[in-house]
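1. coordinates only, no sequence provided:
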């Protein structure tokens with residue numbers, strides 16, 4: 001059996017959750033998202049490329065600019081946002097920060113409820129699982145450690161699921177950097193504004 005390198009563990013976990021969400025949504029197990037209608041949003045970008053020549057954008061669709069300025073897209077009419085993922089790296093602390101938002105409450109609740117079991121199936125040890133408050137919003141905190149059997153390296157993951165808003169924040173890095181991971185995690189949470 002081939003193991004997943006620790007630096008890719010987070011990406012694999014996110015991909016599993018996103019894929020599961022799309023499959024369930026495609027099967028029609030959930031109705032349309034909450035009553036809120038999506039608004040046409042433009043995200044700031046420093047270097048947005050011009051639209052391709054000769055192609056007219058779909059009329060009435062939602063426009064989106066990549067936050068990193070790599071692309072812009074006009075989506076077809078009727079497209080409904082399901083989620084977004086933001087990934088950051090702090091090379092000095094060997095940490096990764098990920099923030100995922102999910103618009104469908106049922107999908108978010110399912111991810112939150114199944115997260116600990118999924119980590120255990122991957123061989124992780126759940127260090128802490130408890131409710132917490134994030135800037136006045138109730139949340140669920142899960143900290144876990146997973147060891148790669150081949151290399152012996154351990155990764156520590158700090159996660160918080162904030163139900164009001166469907167936000168999942170994760171800070172992950174080598175177990176030996178737990179004090180730095182904890183500090184970065186607290187800093188990220190302190191910087192969240194709702």
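-> Looks like it arrived, so ask away. Remember, it's a predicted structure, so these values are computed and weren't measured experimentally. Residues are numbered from 1 along each chain as shown.
2. list the contacts for the residue lying closest to residue 192 once chain neighbours are set aside?
-> Of all residues beyond its chain neighbours, the one nearest residue 192 is residue 135 (5.8 Å), with distances taken as Cβ to Cβ, 6 or more residues apart in numbering. Any C-beta I mention is one placed from the backbone N, CA and C, and that applies to glycine too. Residue 135 makes contact with 189-190, 192-194 under the criterion Cβ atoms under 8 Å, 6 or more residues apart in numbering.
3. from memory residue 84 sits against residue 101, does it?
-> Yes. Between residue 84 and residue 101 a contact is recorded at 5.1 Å, counting by Cβ atoms under 8 Å.
4. neighbour-wise, which of those two wins?
-> Using other Cβ atoms under 10 Å, the more surrounded residue of residue 84 and residue 101 is residue 101, with 17 against 13.
5. next up, the contacts around the more buried one.
-> Applying Cβ under 8 Å, 6+ apart, the residues near residue 101 are 83-85, 165-168.
6. for whatever helix or strand residue 142 lives in, buried residues please.
-> In this assignment (DSSP states H and E), residue 142 forms part of strand 137-147. By neighbour count with 16 or more other Cβ atoms under 10 Å, strand 137-147 contains the buried residues 139-144, 146.
7. what's the answer for stretch 95-112, then?
-> Neighbour counts using 16+ other Cβ under 10 Å place 95-104, 107-108, 110-112 of stretch 95-112 among the buried residues.
8. between the residues you listed, which is closest to residue 173?
-> Ranked by distance to residue 173 (Cβ to Cβ), the buried residues of stretch 95-112 are led by residue 95 at 3.9 Å.
9. report the beta-bridge partners for the residue lying closest to the closest one once chain neighbours are set aside.
-> In space, residue 95 comes closest to residue 173 once its chain neighbours are excluded; the distance is 3.9 Å by Cβ to Cβ, 6+ apart. Here residue 173 sits in beta bridges with residue 156, going by DSSP bridges.
10. in this structure, which spans are helices?
-> When assigned using DSSP state H, the helices of the chain occupy the ranges 6-26, 105-121, 178-191.
11. weakest of those helices by average pLDDT?
-> Lowest mean pLDDT within the helices of the chain: helix 6-26, a mean of 42.
12. quick one: pLDDT of the nearest residue to residue 167 once chain neighbours are set aside?
-> If the residues on either side of it in the chain are set aside, residue 167 comes closest to residue 101, at 5.4 Å by Cβ to Cβ, 6+ apart. Residue 101 carries a pLDDT score of 94 in this model.
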